[in-house]
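Participant: sequence below, structure please.
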Amino acid sequence: MEETLKRTPLYDWHVAQGARMVPFAGYEMPVMYESPIEEHHLTRRSAGLFDIDHMGQVEITGPDDTAFVNKLVSWDVTKMEKWDAHYALMCYENGTIVDDVFVYRLPSSWYIVINAANRDKDLAWMRKHSAGFDVTISDESDDTVMLALQGPKVFELLDTINEDTLGDMPRFSAARTTLGDVPVLVGRTGYTGEDGVELFYDLEYAVQLWDAILAAGKSAGIEVGPVGLAARDSLRFEPSFPLYGHEIDDTTTPLESRLGWACSWDADFIGRDAILAQKEAGVPRKIVGFELLDKGVPREGYEVAKDGEVVGKVVSGLYGPTVDKYVGHAFVPSHLAKSGTEIEILIRNKPKKAVIVKRPFYKPSYR
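Facilitator: The predicted structure follows:
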């Protein structure tokens, strides 16, 4: 039976602009408009606008909301002040990953952004573990539009349609403001390696704000344009940001995925004990970045070999437009995970020379 795909409220806009639409996480989404490489470079040099309304948003309220969220996610949210934002993980009891999320501490609630493909699973997980906590879990996804605007010219552009100076916001914080007459929750967050914002607002203004941002760029002489899924993937890949189903999933732990920094070990979150036990026993495998030395494209699922023996598997690989190299991520035994280690990627069963390199391939501009 053919799957019925959902559409974001910007679907008609994308089609009218000639975007190539593809299935993604249960949605029909734009993979590209004209050139994924040009959309990638546009974001790095100026400003790229992303329809990410397939993502999910969950609001948690109630007397026990802080205690509940602190149990649910790997970061100690009691350390967060109002309007702070932080990356975190939700883990199973065995230490593997349910999802990676962004957590926003709003004045009277917690706002958690979840991955589109994991929406139903995540909500079920949250509700299962809310027993004993006086909280209300509200799925705001269908009534909320989510956009991302990323790149070095973002705040210059936003200042033309906003009375506040959003560039004064600290990185990883949030605020409420008005953009082009639209009330918006702004997070100084994103997943491209560039500075920028993620925007949350009511469904009724979906196209209005999108058009206002593009029109503001044209009026101010600031280059801005829509960006599809292909460039979105290469932009997140170069700074080595994980994507669920690739670098992380329900078979990987934070330590194997080098995400221990997103875990507060003094917080009693679900999965903590299992992860600490793995830390004490020794992590058997780790994710690495590699650069292909021979010609070829290192695609997901290709085997990794060392001295003729298969030792791992590629979980993501592509051409990095900014670094101008064919690079990838793979899991290998920990003793092989050092930079400079020579490996082979089996492309159509033919070994291609590669070398493990330091991650990230591209250092985020805000670091």
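Participant: tell me which residues are up against the lengthiest helix in the chain.
Facilitator: Secondary structure of the chain read by DSSP state H shows that its longest helix is helix 206-220. With contacts defined as CB atoms under 8 Å, 6 or more residues apart in numbering, helix 206-220 is touched by 8-10, 13, 47, 49, 51, 53, 145, 147, 149, 156-158, 160-161, 179-182, 184, 199, 201, 222-226. Every C-beta, even on glycine, is put in place using the N, C-alpha and C of the backbone.
Participant: list the helices and strands the helix or strand containing residue 147 packs on?
Facilitator: Element membership for residue 147, per DSSP states H and E: strand 144-150. For strand 144-150, the elements it packs on are strand 48-51, strand 196-202, helix 206-220, judged by 3 or more CB pairs under 8 Å, 6 or more residues apart in numbering; DSSP states H and E.
Participant: residue 190 is nearest to which of these?
Facilitator: If you check each of the helices and strands packed on strand 144-150 against residue 190 by CB to CB, strand 196-202 wins as the nearest, at 4.5 Å.
Participant: which parts of the closest one are buried?
Facilitator: Neighbour-count burial for strand 196-202 flags 196, 197, 198, 199, 200, 201 (criterion: 16 or more other CB atoms under 10 Å).
Participant: any idea which of these is closest to residue 279?
Facilitator: Proximity of the buried residues of strand 196-202 to residue 279 (CB to CB) peaks at residue 198, which lies at 31.8 Å.
Participant: next one: the closest one from residue 57, what distance?
Facilitator: Using CB to CB, to the nearest Å, residue 198 is found at 10 Å from residue 57.
Participant: and if you look at residue 76?
Facilitator: From residue 76 over to residue 57 (counting by CB to CB), the distance is 22 Å.
Participant: in this protein, which spans are helices?
Facilitator: Secondary structure of the chain (DSSP H): helices located at 11-16, 36-45, 65-72, 119-128, 154-158, 206-220, 229-237, 272-281.
Participant: which other residues reach the third one?
Facilitator: Read it as helix 65-72. So helix 65-72 is in contact with 60, 62, 76-78, 90, 103, 109-110, 112, 126, 129-130, 133, 135, 267-270, going by CB under 8 Å, 6+ apart.
Participant: which among those residues end up buried?
Facilitator: Listed as buried from those are 60, 62, 76-77, 90, 103, 109-110, 112, 126, 130, 133, 135, 267, 269-270; burial here means 16+ other CB under 10 Å.
Participant: if we can go back for a sec, of all the helices of the chain, which one comes closest to residue 352?
Facilitator: So among the helices of the chain, helix 229-237 is nearest, using CB to CB, at 19.0 Å.
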